[in-house]
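Participant: generate a structure from the sequence data that follows.
(one chain, ligands or ions: 2)
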Amino acid sequence: MQPVAMARPLPDMPRISWPAGLAAPATETDAALDRAAAILRSGGLVAVPTETVYGLAADALDPDAVASIFRAKGRPASNPVIVHVADAAMARGLAADWPAAAEAITARLWPGPVTVVVPRAATIPPAVTAGGATVALRCPGDRLFRRLIEKTARPLAAPSANRSEALSPTTAHHVLEGLGTRIDLILDGGPCGCGIESTVVDCTTSPPRILRPGPVSHAEVENAIGGPVERPGAERSAAGPARSPGMAARHYAPRTPLELAAGSGRVGELVAAGRRVGWLTMRGDDAEVRTMAGARDLVIVPMPPDPAGFARSLYATLHALDKRQLDVIVVDPPPDTDAWRAVRDRLARATAAG
Ligand code: TXA
Ligand code: MG
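Facilitator: Residues are numbered from 1 along each chain as shown. Ligands and ions are numbered 1, 2, ... in the order given. All right, here's what the predicted structure looks like:
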């Protein structure tokens, strides 16, 4: 018999909360943050809730700790990670230059779900930036994460806490299911409020450019800057390497194939062909949905009809449907408007051929 390697234990998942109106976290929460900070200072990995998705944090200034993020995720070394900071002053210390656009965005929209890409300071290890000359910086809206950064007294590198190319986690249980024994601790702060990843803005170009649409809209970024901002995808047809390497077409994808189709026709066709189908629909309880409701092997999931609500439940719904052994997930295409840009981007990536 082959000797069985001792598996690392499953990570602990302490509940953390910082009730609104309280100046300090509860004692148990503070103790959990102390433990998390100790793990991070010794080079370990801690999953942390943010207002967007759960992040997998490590000391951004420790190259070995950063390397272990890439190992745990199975992430290609060519995909740089976001560095999280407690405030804009900490961010400026990690930048070789501080463009006016970065100043405007961080002054008006931080803390919050928007990341700025700026020239990197020499203190940032190359593993963080995939060897590039820029670094992505974000100050999370979640007070607990900022508090953890303060306790650790380090900037924290944190990509989404999932295996590379899988769906981002929006609950502590998603992290446990995806990364299991690969990490040291999961701070469980409940479900994430936004549910999709931050808006990423490249502040090194003129005009600045949105690399990844997210909870902060194009209009909000333009208002903050007081000038034009290029929309995402503007560079996609251009030759040469992608500006944001993580923006490979297939990303954020469930295991079950996903397609976009309007109306119940496609769903009916699949069901009639004996396929097991999940249907994410914003039609509520209309006649077409009612007609389909009795079909065998069809799971109908009513989705919130507003972009923020839809985004908040999208990944959690896909995580849940991935466990149902379905053949295909059909999603009502959201309207082609700015308000839906980020959701449409994630759906397009989830349907891209692997
Ligand atoms: O909401 C979020 O941003 C979450 C939470 C945990 O903060 N993080 C997240 O990280 O989504 P990740 O690694 O899954 O996505 C980071 C994105 C990728 O598309 C990556 O290519 C891009 O940011 N990125 C990171 N550094 C960059 C850089 N220097 N230049 C351009 N893009 C960069
Ligand atoms: Mg990710």
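Participant: and residue 229, how far from ligand 1?
Facilitator: Separation of residue 229 from ligand 1 (Cβ to the nearest ligand atom, to the nearest Å) stands at 15 Å. Where you see a C-beta, it was placed from the backbone N, CA and C, and this is true even at glycine.
Participant: check the burial of residue 335 by counting its neighbours.
Facilitator: Neighbour count of residue 335, defined by other Cβ atoms under 10 Å: 12.
Participant: for this protein, what spans make up the helices?
Facilitator: Ranges of helices in the chain, per DSSP state H, are 27-41, 63-73, 88-92, 100-109, 126-129, 143-152, 172-179, 218-225, 265-272, 287-292, 307-321, 341-351.
Participant: does residue 198 touch residue 114 like I think?
Facilitator: Yes: using Cβ atoms under 8 Å, residue 198 makes contact with residue 114 at a distance of 5.7 Å.
Participant: who touches both of these two?
Facilitator: 138, 214, 215, 216 (Cβ atoms under 8 Å, 6 or more residues apart in numbering).
Participant: hang on, the earlier thing: for residue 301, find the nearest of the helices of the chain.
Facilitator: For residue 301, the closest of those is helix 307-321, at 5.5 Å, according to Cβ to Cβ.
Participant: can you list the buried residues in that closest one?
Facilitator: 307, 310, 311, 312, 313, 314, 315, 316, 317, 318, 319, 321 (16 or more other Cβ atoms under 10 Å).
Participant: next one: stretch 139-155
Facilitator: 139-142, 144-149, 151-152, 154-155.
Participant: spatially, which two of the residues you listed are the most separated?
Facilitator: Largest separation among the buried residues of stretch 139-155 by Cβ to Cβ: 141 and 154, giving 19.7 Å.
Participant: which one among the buried residues of stretch 139-155 gets closest to ligand 1?
Facilitator: residue 140 (6.1 Å; Cβ to the nearest ligand atom).
Participant: thought that closest one was touching residue 57?
Facilitator: No: the criterion here is Cβ under 8 Å, and residue 140 misses it with residue 57 at 10.3 Å.
Participant: now do the shared contacts for these two.
Facilitator: Contacts common to residue 140 and residue 57, judged by Cβ under 8 Å, 6+ apart, are residue 84.
Participant: what residues sit buried inside the helix or strand of the chain with the lowest mean pLDDT?
Facilitator: When each helix and strand of the chain is scored by mean pLDDT, DSSP states H and E, helix 287-292 comes last, with a mean of 83. For helix 287-292, a neighbour-count test (16+ other Cβ under 10 Å) marks 289, 292 as buried.
Participant: what of stretch 217-233?
Facilitator: So stretch 217-233, judged by 16+ other Cβ under 10 Å, has buried residues 217, 218, 220, 221, 224, 225, 229, 230, 232.
Participant: quick check, the fourth one in contact with residue 199.
Facilitator: Yes: between residue 221 and residue 199 there is a contact under Cβ under 8 Å: 6.9 Å.
Participant: what's the overlap in contacts for these two?
Facilitator: Joint contacts of residue 221 and residue 199 (Cβ under 8 Å, 6+ apart) are 114, 210.
Participant: about what we covered before: among the shared contacts of residue 198 and residue 114, which are in reach of ligand 1?
Facilitator: Restricting the shared contacts of residue 198 and residue 114 to those touching ligand 1 (Cβ under 6 Å from any ligand atom) yields residue 138.
Participant: now flag whichever of the shared contacts of residue 198 and residue 114 is closest to ligand 1.
Facilitator: The closest of those, once distances to ligand 1 are taken by Cβ to the nearest ligand atom, is residue 138, at 5.5 Å.
Participant: quick one on the thing from earlier: of the buried residues of stretch 217-233, which is the nearest to residue 332?
Facilitator: residue 217 (21.2 Å).
Participant: how near is the closest one to residue 138?
Facilitator: Per Cβ to Cβ, to the nearest Å, residue 217 is found 17 Å from residue 138.
Participant: which residues in the stretch 101-250 of the chain form strands?
Facilitator: With DSSP state E, counting those that start in this stretch, the ranges of strands along the stretch 101-250 of the chain come out as 114-119, 134-138, 156-157, 185-186, 199-202, 209-212.
Participant: pipe those into JSON lines and attach distance to residue 258 and mean neighbour count per row.
Facilitator: JSON lines is the format used below for the strands of the stretch 101-250 of the chain (distance: least, Cβ to Cβ, whole Å; neighbours: other Cβ atoms under 10 Å):
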{"stretch": "strand 114-119", "distance to residue 258": "26", "mean neighbour count": "26"}
{"stretch": "strand 134-138", "distance to residue 258": "27", "mean neighbour count": "26"}
{"stretch": "strand 156-157", "distance to residue 258": "30", "mean neighbour count": "28"}
{"stretch": "strand 185-186", "distance to residue 258": "27", "mean neighbour count": "24"}
{"stretch": "strand 199-202", "distance to residue 258": "23", "mean neighbour count": "27"}
{"stretch": "strand 209-212", "distance to residue 258": "19", "mean neighbour count": "23"}
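Participant: no further queries at this time; thank you.
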